[in-house]
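J.: Using only what follows, build the 3D model:
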Amino acid sequence: MRKSLDLARHGDHVIYFTSNLGYQHGGIWEDGRVRSKWGRLPVFSHGIWDVPIGYGNNVRIYPALDPELAWQSCREWIREEQERGE
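T.: Got it, this is the predicted structure:
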């Protein structure tokens, strides 16, 4: 479920899109800034619009997954793949 910027919380996913190419870049919301890695450059902490123009001018914020739920889903997928392979 997508959320508005004013509801962004620590750890949420910030996804940048262009109108014609779709997804271009993603980062993590931390303390009112975005933490992201730009290619071979180091990880940056930057304002939401302080990105290269090619990353797009449409931003969407998605809630972070609960870590335990993510691991549970991963374990279920592995188990299903193993059962399929037998």
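
J.: rest of the way, CA atoms for contacts and neighbours
T.: Noted.

J.: And the longest strand anywhere in the chain, what's buried?
T.: Taking DSSP state E as the criterion, the chain has its longest strand at strand 22-30. Buried residues in strand 22-30, defined by neighbour count with 16 or more other C-alpha atoms under 10 Å: H25, G26, G27, I28, W29, E30.

J.: Just the buried positions in the very next helix or strand once past it, please.
T.: Counting by DSSP states H and E, the next helix or strand C-terminal to strand 22-30 is strand 33-37. Going by neighbour count (16+ other C-alpha under 10 Å), the buried part of strand 33-37 is R33, V34, R35, S36.

J.: Tell me how far the residue positioned nearest the centre of the chain lies from E30.
T.: Note on the chain: the residue nearest the mean C-alpha position is H13, at 3.5 Å, using C-alpha atoms, centre = their mean. Using C-alpha to C-alpha, to the nearest Å, we find H13 at a distance of 10 Å from E30.

J.: again, but for P63
T.: For P63, the distance to E30 equals 12 Å [C-alpha to C-alpha].

J.: anything in contact with each of these two?
T.: The contact sets of P63 and E30 overlap at R9, G11, D12 (C-alpha atoms under 8 Å, 6 or more residues apart in numbering).

J.: Mind checking which of these land in strands?
T.: When DSSP E is applied, the shared contacts of P63 and E30 are split such that none fall in strands.

J.: Let's have those in TSV, adding neighbour count and distance to I78.
T.: Below are the shared contacts of P63 and E30 laid out as TSV (neighbours: other C-alpha atoms under 10 Å; distance: C-alpha to C-alpha, whole Å):
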residue	neighbour count	distance to I78
R9	18	30
G11	18	26
D12	19	26
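
J.: Columns distance to E81 and pLDDT on top of the residues you listed, output as CSV?
T.: Shown next, in CSV, are the shared contacts of P63 and E30 (distance: C-alpha to C-alpha, whole Å; pLDDT from 0 to 100):
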residue, distance to E81, pLDDT
R9, 34, 90
G11, 29, 92
D12, 29, 93
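
J.: Reformat the buried residues of strand 33-37 as CSV; add distance to Q82 and pLDDT.
T.: Output for these, formatted as CSV (distance: C-alpha to C-alpha, whole Å; pLDDT from 0 to 100):
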residue, distance to Q82, pLDDT
R33, 41, 95
V34, 38, 96
R35, 36, 96
S36, 34, 94
